[in-house]
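1. Sequence first, then the predicted structure, then my questions.
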Amino acid sequence: MKAQHYVGGVFRSDGPAFPLIDPVDGSELGTVPEATREVVDDAVTAAGAALKGPWGTMGAEERAAVLRRIADGIQARFEEFVAAEVADTGRPRAFAETVDVPRAAGNFRAYADLLYGRPERAYTTQIPGWSSGAGQALNYTVRRPLGVVAIISPWNLPLLLSTWKIAPALACGNAVVLKPSEETPSTATVLAQVINEAGLPEGVFNLVHGHGAGAVGEFLTGHEGVDAIAFTGESATGAAIMRNAADHVTPVSFELGGKNPALVFADADLDAAVDGTVRSSFTHSGQICLCTERIYVERSVFDEFVEKLAARVKALDGYGPMISAEHRDKVLSYYRLAKEEGATIVAGGGAPTFNDERDGGFYVEPTVLTGLPETARTVREEIFGPVCHIAPFDTEDEALALANNSPYGLASTVWTTNLSRAHRVAPKIETGIVWVNCWNLRDLRTPFGGVKASGIGREGGEYSLDFFSEPVNVCIQI
Ligand code: NAD
């Protein structure tokens, strides 16, 4: 797969090339063109011009039809998308086949349905009303697109997370400039080909490749032609983008980092909690923003939980690598830090040896830690790898205080069979999502996002339509 920019309906490869590295064995997969400021300008200009073309007047039904054709196009090139996502990320094939690619097609279908099926919500709402003192008036609300939307996505779920924003942005009638992560450019390029074939007017969707800081990401987020920014990535990057966007008061929707807690009460089904934690901490080698890195277990079942989880984690195999050498080094630096901070390593703690080509890749061992104080950096900072720390608690109040003692607030998991406790505890956890006796069970219509340093705003279902469109009040005196 050759990564290319897609600007104003034309594929191009200008800009200096940088290498794309296979995380499985460290070999070079190909090269990626780094968009210059000129390429970014062209993309933003093309997007702005497209809003004045047929896209600007296209009805909701026609827009929904285009979204459906994009979904069909993804389905038709399913294998190509799977191969590209597996090559860039090194993830197990099954993950791309069951999560990444079906969810990408699903994102376009869901917003086509929402747009076509609910025009009154997505497009206009009419409220007959009364304006005091000035006689009778009719007030109604028109939902207008924001304009040119810059979408900046991370490497961990490249296709899924970019389409999660592209689909609602297009549904609302915006034009898009996508900058995928420099680590994972390939599925975005196939998506541009699908969109090109789906008959979206030129310039409505644009793709520019390259790096973030001091490069494409910064050119885009500080661009005066960009009307809104939808970003998924690290909290520190979100802060940098906000500073850059401040000059033009550009609105942002942010899905950021996490240090997600799980609470395991003594009344939980312990085997289910262990099963669930193996998934919640180690799926995609912990490289999902929703993964659990802090686990708090009621003291009476603490030892049993640790023992059972450690046994399962030691037996894990077939896991994927970290995305890059740099990220592998970051995760291993936290494994070393944990030891320095006084952790007990219950499982893992280093880099594995396979005696095959994977030894050139970027693997780390799934790791379970105990014994650290809450002040330890290992317990406070997002590591974004296959690692969790387990600590005991004695009371429900203490468990809640521990869960909430974090600058982050993305997702949490509560394991209990006590219904009252579940309802009592869940609303008090300071995270945008609370799962009870499950993890990552997602209904795409529900609000998704974080509190505190984990994000700004909500996406999902109609919540995304709220961000990607602007309600405008029209008041007519009768
Ligand atoms: P990152 O912040 O390093 O990069 C994300 C994107 O931002 C990339 O495309 C990058 O090139 C770009 N970027 C970097 N610096 C920039 C700058 N100064 N200006 C503009 N763009 C810039 O994140 P990552 O390492 O790719 O992804 C992992 C992070 O994403 C983790 O923190 C994870 O928790 C978070 N994440 C959050 C969610 C969520 O829904 N809340 C989902 C997935 C990942």
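-> Perfect, thanks for sending it. Numbering: from 1, shown residues only.

2. If you average pLDDT per helix and strand, which one of the protein comes out bottom?
-> helix 119-122 (a mean of 47; mean pLDDT, DSSP states H and E).

3. so who does residue 242 touch?
-> Shown in contact with residue 242 (CB atoms under 8 Å, 6 or more residues apart in numbering): 252, 254. The way it works is simple: take the backbone N, C-alpha and C, and place the C-beta from them, glycine included.

4. Now do the SS call for it.
-> Under DSSP: H, G, I helix; E, B strand; the rest coil, residue 242 falls in the helix class.

5. So residue 239, which state does it fall into?
-> helix.

6. how near is it to the ligand?
-> 9 Å (CB to the nearest ligand atom, to the nearest Å).

7. That residue - how many residues pack around it?
-> A count of neighbours around residue 239, defined by other CB atoms under 10 Å, yields 13.

8. Read off the pLDDT value for it.
-> Listed pLDDT for residue 239 reads 98.

9. got a list of what the residue of the stretch 1-150 of the chain at minimum distance from the ligand touches?
-> In the stretch 1-150 of the chain, the residue that lies nearest the ligand is residue 150 (8.9 Å; CB to the nearest ligand atom). Contacts here follow CB under 8 Å, 6+ apart; on that basis residue 150 touches 176, 177, 179, 220, 221, 223, 226, 228, 229, 230.

10. can I assume the fourth one sits in a helix?
-> I take that to be residue 220. Yes. Membership of residue 220 in a helix is supported by three-state DSSP.

11. Enumerate every residue touching it.
-> 40, 44, 150, 152, 177, 179, 208, 226, 229.

12. Look at the last one and give its secondary structure.
-> Judged by three-state DSSP, the three-state class of residue 229 is strand.

13. Run through the bridge partners of it.
-> Beta-bridge pairing for residue 229 (DSSP bridges): residue 150, residue 252.

14. Tell me which helix or strand residue 274 sits in.
-> Using DSSP states H and E, residue 274 maps to helix 270-282.

15. could you point out which element follows that helix?
-> strand 292-298.

16. picking that back up, now a PyMOL select for only the buried ones of the contacts of residue 220.
-> To isolate the buried subset of those in PyMOL, counting by 16 or more other CB atoms under 10 Å, use the following:
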select buried, resi 40+44+150+152+177+179+208+226+229
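
17. Out of the contacts of residue 220, which sit inside helices?
-> Judged by DSSP state H, the contacts of residue 220 include 40, 44 as members of helices.

18. How many residues are close by the residue nearest to residue 286 when sequence neighbours are not counted?
-> Leaving aside its sequence neighbours, residue 286 sits nearest to residue 386 (CB to CB, 6 or more residues apart in numbering; 3.9 Å). By other CB under 10 Å, 27 other residues sit near residue 386.

19. same question, residue 402
-> Other residues within reach of residue 402 by the criterion other CB under 10 Å amount to 18.

20. and it, how far is that from residue 418?
-> 18 Å (CB to CB, to the nearest Å).

21. again, but for residue 196
-> 54 Å.

22. so how many other residues sit close to the closest residue to residue 402 other than its chain neighbours?
-> Closest residue to residue 402 apart from its sequence neighbours, by CB to CB, 6+ apart: residue 296 at 5.0 Å. Residue 296 is flanked by 22 other residues according to other CB under 10 Å.

23. again, but for the one 10 residues further on
-> Residues within reach of residue 306, counting by other CB under 10 Å, total 20.

24. Show the contacting residues for it.
-> Going by CB under 8 Å, 6+ apart, residue 306 touches 297, 346, 368, 370, 390.

25. For the closest residue to residue 269 other than its chain neighbours, which three-state class applies?
-> Nearest residue to residue 269 in three dimensions, chain neighbours excluded: residue 417, at 6.0 Å (CB to CB, 6+ apart). Three-state secondary structure (criterion: three-state DSSP) places residue 417 in coil.

26. List, one by one, the residues from the stretch 251-400 of the chain near the ligand.
-> 255, 256, 257, 258, 289, 382, 384 (CB under 6 Å from any ligand atom).

27. For those residues, which entry has the maximal number of neighbours?
-> residue 258 (30 neighbours).

28. got a list of what that one touches?
-> 289, 290, 291, 293, 382, 408, 409, 410, 411, 431, 450, 454.

29. pLDDT at the nearest residue to residue 429 once chain neighbours are set aside, what is it?
-> Leaving aside its chain neighbours, residue 429 sits nearest to residue 412 (4.7 Å; criterion: CB to CB, 6+ apart). For residue 412, the pLDDT comes out at 98.

30. Quick check: the gap between the residue nearest to residue 269 and residue 300.
-> For residue 417, the distance to residue 300 - CB to CB - is 15 Å.
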